[in-house]
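S.K.: Give the three-dimensional model of this entry:
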Amino acid sequence: MIEKTLIEQIETLTRECEWGEAVVAIVSVSGGFMHRMYKVVTDRGIYAVKHLNSEIMKRPDAQANYARAEKIEESLEKSDIPIVPALVFHGKKMQNIDGQFFYVFRWQQGQITDWNHISMEQCYQAGNILGRMHAIEPRNVEPQTPQPSHIDWKGYIRKAREQDSEIASLLEENEEQLVSVERELNRARALLPGIECLSDGDMDPKNVMWDNGTPRVIDLECLDYGNPVSHTMELALQWAGIVTGELDMDRMVSFFDGYLEAYDNGFRRYADIVGVAYSFVEWLEYNIQRALGNCVDQAERELGISEVRNTVKRIQYLQETELRIKETLNTRLGKTGTFHRK
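M.R.: Next up, the predicted model:
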């Protein structure tokens, strides 16, 4: 059930943005793992309202990050990338009601693909969209030593023990493995080429809506400048099934086929940088923090605990399949930049 104060804030938002009168009760709908979504039906239309996570908005760099994402979103719109952009009211996209922050969207018809039933064609289209994004403003940059990931696993284990948290034993049992994959993440990032472009590193299957076979990318708050090689490798694996533990190499190949049709920066050493996918450890750290109380409420804490379990499983599965991934990349990525489908 939505807290009354939040209902009142969304009602205030409705009035200030002049959407018309609400004709049914505001309801919570499924959203992402960080923010919460609500459906607002008025006599003028249907809207999706995203309430931005209060803990994230407290971060000193949050406003600057969102402002940068909004500018990139505008660039994607101008380039006809199929996205669902936030609406503008009073000259701005982000709305502030009593210190709570919101984005508003027109209600998008369609549905998210079932993670267990992602088709080859969907992988191809997703890769193609990502390639079109990367092709907008790619630029060569001086290779820089990346800031290494350095997570205090022992500190988190100690804190989890102090709280008698249910994640304590899971972290302790996997500490050695987590240290190892974090090291592999840092090694792979050091091998990335000096290329930068507009990108959406969060464009996994849960963030693409499909309406009669037509895709539209949603949840664009993570838009930023980034390394195209890293994002392509990570997203290819997510679309291929690394998250569900059912990795399909042909789906990975289809993603790359679509991507390289739209954009080819000449990079061919994808097998050498598979370790960038261990960025899962950074998502794990974020959820450890939520599980240990750095969150908005108990519901978010429970989500954090669930995602800690899920993410550890994904890391374990990636380790188990890493060699097979590298073999596929080495044998099916041709010198011309096209993959060889079976």
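
S.K.: for the chain, longest helix please?
M.R.: helix 298-332 (DSSP state H).

S.K.: Quick check: buried residues in that helix?
M.R.: 300-301, 303-305, 307-308, 310-312, 314-315, 317-318, 321-322, 325, 328-329, 332 (16 or more other CB atoms under 10 Å). (C-beta placed from N, C-alpha, C; glycine too.)

S.K.: now do stretch 204-215
M.R.: 204, 205, 206, 207, 208, 209, 210, 215.

S.K.: How about residues contacting that stretch?
M.R.: 32, 82, 84, 108-113, 115, 118, 121-122, 125-126, 129, 200, 216-219, 235, 238-239, 243 (CB atoms under 8 Å, 6 or more residues apart in numbering).

S.K.: Got the confidence number for the residue nearest to residue 236 when sequence neighbours are not counted?
M.R.: Spatial nearest neighbour of residue 236, chain neighbours left out: residue 255 (4.3 Å); criterion: CB to CB, 6 or more residues apart in numbering. With respect to pLDDT, residue 255 scores 97.

S.K.: what do you get for the one 10 residues further on?
M.R.: Per-residue confidence at residue 265 stands at 92 (pLDDT).

S.K.: Contacts only, for it.
M.R.: 134, 138, 193, 195, 228, 229.

S.K.: In three-state terms, label residue 12 for me.
M.R.: Here residue 12 is recorded as helix under DSSP: H, G, I helix; E, B strand; the rest coil.

S.K.: quick one: contacts for it?
M.R.: So residue 12 contacts 97, 98 (CB under 8 Å, 6+ apart).

S.K.: 2 is where my numbering starts, stick with that
M.R.: Renumbered: residue one is now 2, and that last one reads residue 13.

S.K.: Tell me how far residue 296 lies from residue 35.
M.R.: 11 Å (CB to CB, to the nearest Å).

S.K.: same check, this time on residue 225
M.R.: Counting by CB to CB, the gap from residue 225 to residue 35 is 15 Å.

S.K.: out of the two, which sits in the busier spot?
M.R.: residue 35 (18 against 15; other CB atoms under 10 Å).

S.K.: Excluding chain neighbours, what is closest to that one?
M.R.: residue 54 is the one closest to residue 35 (CB to CB, 6+ apart), at 5.1 Å.

S.K.: Can you get me a residue count around that neighbour?
M.R.: Using other CB under 10 Å, the number of residues around residue 54 comes to 20.

S.K.: what does residue 272 give?
M.R.: 16.

S.K.: sorry, back to before: by neighbour count, sort out the buried ones in the contacts of residue 266.
M.R.: 135, 194, 196, 229, 230.

S.K.: Let me see the ranges of the helices in the stretch 202-343 of the chain.
M.R.: 229-241, 250-263, 281-292, 299-333 (DSSP state H, counting those that start in this stretch).

S.K.: Tell me what angle the last one forms with helix 281-292.
M.R.: It refers to helix 299-333. Angle of helix 299-333 versus helix 281-292, following axes from the mean of the first three to the mean of the last three CA atoms, to 10 degrees, is 170 degrees.

S.K.: Give the other helices and strands that helix 299-333 contacts.
M.R.: Under the contact criterion of 3 or more CB pairs under 8 Å, 6 or more residues apart in numbering; DSSP states H and E, helix 299-333 touches helix 169-174, helix 176-191, helix 250-263, helix 281-292.

S.K.: Now do that helix against helix 176-191, angle only.
M.R.: Using the same axes, to 10 degrees: helix 299-333 against helix 176-191 is 60 degrees.

S.K.: Alright, I will stop here.
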